[in-house]
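Q: Quick one, fold the following:
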Amino acid sequence: MKKATDSATGQPRGAAEAEPAISRREVEHIALLARLEASDAELDAYAGSLSRLLRYFERLNELNTDGVEPTSHPVPLINVLRRDVERPSLPVGRALANAPEEEDNCFKAPRVIQES
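A: Next comes the predicted model:
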């Protein structure tokens with residue numbers, strides 16, 4: 001009887017979770033930096049998902065790429081932007097029409113950097 005394997009790592013299912021590539025503590029730190037709230041269950045789930053993703057990238061690093069030309073874009077780049085010409089800007093009142101708060105004709109946002 002053949003054992004089920006993890007599609008990302010090729011290891012027997014369950015073996016991939018034995019040694020996480022990213023710890024729950026690292027996920028907590030990333031969430032803190034990104035200012036994201038996450039429950040304990042979500043942090044555990046994210047740690048597992050990110051670990052599987054990182055192990056998959058490690059597996060890709062094992063591929064033989066000899067003779068494969070490095071590329072940064074699979075198709076040629078074409079500039080499809082409009083000409084950069086000066087035009088009248090949006091009236092201030094219209095720009096701020098949906099702003100939750102405004103001050104001195106500017107968007108007002110909550111402070112995100114703490115004073116020391």
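Q: For this protein, just list every one of the strands.
A: 102-103, 106-107 (DSSP state E).
Q: Residues in contact with the last one: which ones?
A: Where contact means C-beta atoms under 8 Å, 6 or more residues apart in numbering, the residues beyond strand 106-107 that reach it are 96, 99, 101. (Glycine included, C-beta is placed from N, CA and C.)
Q: Kindly report the same for the first one.
A: By C-beta under 8 Å, 6+ apart, the list of residues contacting strand 102-103 from outside reads 96, 108.
Q: what's the spacing between that strand and its chain's center?
A: 31 Å (C-alpha atoms, centre = their mean, to the nearest Å).
Q: follow-up on the earlier one: between the contacts of strand 106-107, which has the most around it?
A: Within the contacts of strand 106-107, most neighbours by other C-beta atoms under 10 Å means residue 96, with 15 neighbours.
Q: That one: what's it in contact with?
A: 102, 105, 107.
Q: Reformat the contacts of strand 106-107 into JSON lines and put distance to residue 43 next to each item.
A: Shown next, in JSON lines, are the contacts of strand 106-107 (distance: C-beta to C-beta, whole Å):
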{"residue": "96", "distance to residue 43": "38"}
{"residue": "99", "distance to residue 43": "34"}
{"residue": "101", "distance to residue 43": "32"}
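Q: so can I have JSON lines of those showing pLDDT and distance to residue 37?
A: Shown next, in JSON lines, are the contacts of strand 106-107 (pLDDT from 0 to 100; distance: C-beta to C-beta, whole Å):
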{"residue": "96", "pLDDT": "95", "distance to residue 37": "29"}
{"residue": "99", "pLDDT": "92", "distance to residue 37": "24"}
{"residue": "101", "pLDDT": "93", "distance to residue 37": "22"}
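Q: and of those, the nearest to residue 65?
A: residue 99 (49.8 Å; C-beta to C-beta).
Q: The closest one against residue 108, yeah?
A: Yes: look at residue 99 against residue 108 with C-beta atoms under 8 Å: they come within range, at 7.5 Å.
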